[in-house]
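Asks: please work out how this folds:
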Amino acid sequence: MDTKENSLQQVSQQNAYSAKYFQKFIGAEDLEQAALWQANVGRNLSLGDFARVNVSRADVAHDELSASDCLGLIQRVMAHEGAIRELAETPDELVFCCTSPTDEVGFVWA
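Replies: Below you'll find the predicted structure:
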């Protein structure tokens with residue numbers, strides 16, 4: 001049996017640990033390794049069901065996202081995480097996600 005408080009604390013600690021490696025592998029432009037260090041979100045990750053859909057959108061010149069496209073998206077979000085957190089009602093509960101070449105939600109970090 002577990003308490004909600006303990007569960008939240010464990011998830012927070014796991015995410016802090018994973019974040020170091022996720023950031024390391026994004027910095028090394030290694031999406032395969034970064035995918036092994038996803039955040040534990042315990043939340044809905046169906047993008048179409050988000051409270052705000054397509055807040056920012058950009059058309060791409062080709063039909064499919066490449067690994068390079070995804071890496072660029074992740075790096076741009078990571079570069080602005082501080083400013084994004086300032087906009088959140090509960091910054092400590094904020095999670096980020098990005099599409100991968102094969103999945104609607106392919107990368108998740110906290």
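
Asks: what ranges does the protein have for its strands?
Replies: 96-98, 107-109 (DSSP state E).

Asks: quick one: strands adjacent to the last one?
Replies: Translated: strand 107-109. strand 96-98 (antiparallel) (DSSP bridges).

Asks: and the average pLDDT for the partner strand is what?
Replies: The pLDDT scores in strand 96-98 average 88.

Asks: who touches that strand?
Replies: With contact meaning CB atoms under 8 Å, 6 or more residues apart in numbering, strand 96-98 is reached by 39, 45, 47, 70, 73-74, 77-78, 81, 84, 105-110. (Each C-beta comes from the backbone N, C-alpha and C, glycine too.)

Asks: check the offset of stretch 56-76 from the chain's centre.
Replies: Centre-to-centre, stretch 56-76 and its host chain are 14 Å apart (CA atoms, centre = their mean, to the nearest Å).
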